[in-house]
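S.K.: here is a sequence with its predicted model. Questions after.
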Amino acid sequence: MADDLFQSAGLEKGAPRPLADRLRPQTLDQVVGQDHLLGEGMPLRRMLDVRRLSSIVLWGPPGVGKTTIARLLADKADLEFHQISAIFSGVADLRKVFAEAEARRRTGRGTLLFVDEIHRFNRAQQDGFLPHVESGLITLVGATTENPSFELNAALLSRAQVLTLKRLDDAALDKLLARAEEEEDQRLPLTTAARESLKAMADGDGRFLLNLVEDIFAEPVDGEDLEPDTLSRIVQRRAPVYDKAQEGHYNLISALHKSVRGSDPDAALYWLARMLAGGEDPLYLCRRVVRMASEDIGMADPNALTICLAAKEAYDFLGSPEGDLALAQAVLYVATAPKSNAAYSAFKRAQRAARETGSLMPPRHAMNAPTKMMKDLGYSDGYVYDHDAPDAFAGLDYFPPDMERQSFYEPVPRGLEKDIRKRLEFWNARRKSREPDRKTDSGEG
């Protein structure tokens with residue numbers, strides 16, 4: 001099959017071919033790293049066993065076999081394989097594909113339409129597949145690196161099964177390296193450490209790994225196995241898969257935030273480094289870390305907010321890469337600080353109460369009385385200046401008179417909130433001793 005594809009591209013059978021093309025699997029059993037889909041009893045294998053291949057969406061990172069699997073599925077199901085790319089195709093191309101599929105069906109042969117980067121089609125174009133999928137004119141296999149639930153129409157998703165492909169793990173990459181060495185009939189001139197480094201450079205992308213292998217085989221060596229530092233000079237490390245506007249962005253910032261909340265400073269530093277390596281805007285990270293200081297630490301260590309704001313100022317002053325260290329320091333501070341979401345929860349409860357109670361007025365003793373008329377109306381009546389009271393606490397109630405007193409802020413017994421909790425308990429006890437006077441203090445009665 002691979003030779004036919006090569007010739008169809010206008011190249012002779014004996015012409016040089018890339019290693020990745022020469023090692024393209026010829027059967028589903030040769031596909032590595034996707035046993036959860038292709039193993040015995042797994043989804044794709046079950047479809048083929050009962051000869052009922054439904055439309056599917058293959059979701060996974062680059063270089064894990066999406067195109068190869070689609071091609072082999074067509075071969076196994078005895079369907080004509082037709083491939084298009086959503087990047088280069090438009091409505092006219094789709095109409096042509098559907099017309100060819102209709103003509104093919106009249107001869108008794110079905111069509112598997114493989115759409116690479118299917119998420120690049122707009123909503124109207126995606127809807128264009130629906131009648132042809134429903135009628136059985138085509139078996140649609142879409143490939144995407146983006147989360148289908150965000151990028152594909154619900155109507156299309158309801159007619160296709162989403163199957164997730166995994167990035168290739170070390171075991172799968174080892175199989176590819178062994179096949180490459182067998183194909184080239186020579187061993188890769190790498191030390192054990194350099195071989196591990198090579199797999200790390202590929203970052204789970206099998207196609208990229210084989211391209212690196214081809215570069216290594218083309219490099220003259222003096223008989224000594226390459227060490228990791230020499231290997232790095234010969235081949236280029238694969239850029240991490242990270243799209244600042246898509247799901248990868250949200251997954252990584254979620255991992256960073258949850259690592260901080262879970263008091264795991266090492267994991268937090270790792271996710272911070274991953275995002276910076278992927279090109280994330282450090283100021284975006286500064287904003288998120290400031291949020292963590294208020295949401296997850298709050299009054300347990302109020303200094304966290306100051307540290308995080310200082311990190312933002314330091315980054316503004318230094319820029320990258322020097323300013324990145326200030327951001328790392330802030331991440332370490334919030335990850336190791338005592339945790340409390342009491343302030344966050346208290347504010348949410350207060351917001352809910354504010355929405356529910358409408359326009360209740362403050363008690364009169366809490367009102368401002370800058371004019372004689374306002375004083376005559378009782379504004380500020382009953383107010384006691386707290387600094388003149390014992391322990392600088394008069395114990396007045398400042399909730400609206402027509403609203404039951406509520407408790408929003410509940411300090412946790414950690415960090416500085418342990419002391420705050422004691423003070424609140426003391427003040428609440430003093431305030432309760434004045435409760436019979438509440439209506440009087442409010443100007444009622």
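M.R.: Thanks, I have the structure now.

S.K.: quick one: contacts of stretch 403-411?
M.R.: The contact list for stretch 403-411, computed with C-beta atoms under 8 Å, 6 or more residues apart in numbering, reads 299, 340, 342-343, 345-347, 349-350, 353, 357, 360, 397, 399, 417-418, 420-421, 424. C-beta here means a position set from N, CA and C on the backbone, and glycine is covered the same way.

S.K.: burial of Ala86, as a residue count?
M.R.: 21 (other C-beta atoms under 10 Å).

S.K.: hmm, it is touching His119, no?
M.R.: Yes. With contact defined as C-beta atoms under 8 Å, Ala86 reaches His119; the gap is 7.3 Å.

S.K.: Leu210 versus Leu327, what's the distance?
M.R.: 37 Å (C-beta to C-beta, to the nearest Å).

S.K.: out of these two, which sits in the busier spot?
M.R.: Ranked by neighbour count (other C-beta under 10 Å), Leu327 and Leu210 place Leu210 first, with 25 against 22.

S.K.: quickly find the element holding the residue positioned nearest the centre of the chain.
M.R.: Per C-alpha atoms, centre = their mean, the C-alpha nearest to the average position across the chain is that of Asn251, at 1.6 Å. In this structure, Asn251 sits in helix 247-261 according to DSSP states H and E.

S.K.: hang on, the earlier thing: got a quick ChimeraX command for the buried subset of the contacts of stretch 403-411?
M.R.: Applying 16 or more other C-beta atoms under 10 Å to those, the buried members can be selected in ChimeraX as follows:
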select :299,340,342,343,346,397,399,417,420,421,424
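
S.K.: sitting in strands, which of the contacts of stretch 403-411 do you find?
M.R.: Among the contacts of stretch 403-411, none falls in strands (DSSP state E).

S.K.: now the strands for the stretch 1-150 of the chain?
M.R.: 56-59, 80-85, 111-116, 138-144 (DSSP state E, counting those that start in this stretch).

S.K.: for Lys258, find the nearest of these.
M.R.: strand 56-59 (22.9 Å; C-beta to C-beta).

S.K.: from Ala101, how far off is Arg109?
M.R.: Where Ala101 is concerned, Arg109 sits at a distance of 9 Å (C-beta to C-beta).

S.K.: and this structure, what are its domains?
M.R.: Taking automatic domain parsing as the criterion, the chain consists of the domains 34-164, 171-177+186-234, 247-336, 359-441.

S.K.: wait, which of those is closest to Asp21?
M.R.: The nearest among the domains of the chain, by C-beta to C-beta, is domain 171-177+186-234 at 9.0 Å.

S.K.: how long is the closest one end to end?
M.R.: Distance across domain 171-177+186-234, first residue to last, is 24 Å (C-alpha to C-alpha, to the nearest Å).

S.K.: how far is it from where the chain is centred?
M.R.: 30 Å (C-alpha atoms, centre = their mean, to the nearest Å).

S.K.: for it, give the mean pLDDT please.
M.R.: Average pLDDT, domain 171-177+186-234: 88.

S.K.: give me the neighbour count for Gly298.
M.R.: Neighbourhood size, Gly298 [other C-beta under 10 Å]: 28.

S.K.: from Arg291, how far off is it?
M.R.: Gly298 sits 11 Å away from Arg291, going by C-beta to C-beta.

S.K.: ok, Glu80 next?
M.R.: 53 Å.

S.K.: same question, Ala200
M.R.: In terms of C-beta to C-beta, Ala200 sits 32 Å off from Arg291.

S.K.: same check, this time on Leu94
M.R.: Distance from Leu94 to Arg291, by C-beta to C-beta: 44 Å.

S.K.: for His132, same thing?
M.R.: Counting by C-beta to C-beta - His132 and Arg291 are separated by 47 Å.

S.K.: for stretch 378-389, which positions count as buried?
M.R.: Buried, per 16+ other C-beta under 10 Å, within stretch 378-389: Tyr379, Ser380, Asp381, Tyr383.

S.K.: now, among those, which is nearest to Leu28?
M.R.: Tyr383 (81.4 Å).

S.K.: contacting residues for the closest one?
M.R.: Tyr383 sits next to His365, Ala366, Leu396 when contact means C-beta under 8 Å, 6+ apart.

S.K.: quick one: neighbours of Ala172, just the number.
M.R.: Neighbour tally, Ala172, other C-beta under 10 Å: 22.

S.K.: next, count neighbours for the nearest residue to it once chain neighbours are set aside.
M.R.: In space, and not counting its chain neighbours, Ala172 is closest to Gly33: 3.3 Å by C-beta to C-beta, 6 or more residues apart in numbering. Gly33 has 22 neighbouring residues, counting by other C-beta under 10 Å.

S.K.: so where is the protein shaky, pLDDT-wise?
M.R.: Residues of the chain that meet the criterion pLDDT under 70 lie in 1-15, 236-248, 435-445.

S.K.: isn't Asp316 right up against Gly323?
M.R.: Yes. Counting by C-beta under 8 Å, Asp316 touches Gly323, with 7.5 Å between them.

S.K.: higher neighbour count, those two?
M.R.: Each of Asp316 and Gly323 has its neighbours counted (other C-beta under 10 Å); Gly323 has more, 20 against 13.

S.K.: skip the chain neighbours and tell me the closest residue to the more buried one.
M.R.: Residue nearest to Gly323 in three dimensions, not counting chain neighbours: Tyr315, with 3.5 Å by C-beta to C-beta, 6+ apart.

S.K.: element containing that neighbour, please.
M.R.: helix 303-318.

S.K.: tell me which residues are up against that helix.
M.R.: Against helix 303-318 from outside (C-beta under 8 Å, 6+ apart): 282-283, 286-287, 289-290, 292-294, 297, 323-324, 326-327, 329-330, 333-334, 337.

S.K.: which among those count as buried?
M.R.: By neighbour count, with 16+ other C-beta under 10 Å, those hold 282, 286, 289-290, 292-294, 297, 323-324, 326-327, 330, 333-334, 337 as buried.

S.K.: between those residues, which is closest to Asp185?
M.R.: Nearest to Asp185 among the buried ones among the contacts of helix 303-318, counting by C-beta to C-beta, is Asp324 at 46.3 Å.

S.K.: pretty sure the closest one sits in a strand.
M.R.: No. Assessed with DSSP: H, G, I helix; E, B strand; the rest coil, Asp324 is helix; it does not lie in a strand.

S.K.: now do it against Leu285, distance only.
M.R.: Distance from Asp324 to Leu285, by C-beta to C-beta: 9 Å.

S.K.: ok, Pro61 touching Gly204?
M.R.: Yes. Using C-beta under 8 Å, Pro61 is in contact with Gly204, at 6.2 Å.

S.K.: neighbour count: these two, which is higher?
M.R.: Gly204 (23 against 16).

S.K.: so who does that one touch?
M.R.: Pro61, Gly63, Val64, Arg167, Leu168, Asp169, Leu173.

S.K.: same thing but 10 Å
M.R.: By C-beta atoms under 10 Å, 6 or more residues apart in numbering, Gly204 lies in contact with 33, 60-64, 166-170, 172-173, 238, 241.

S.K.: brilliant, that's me finished.
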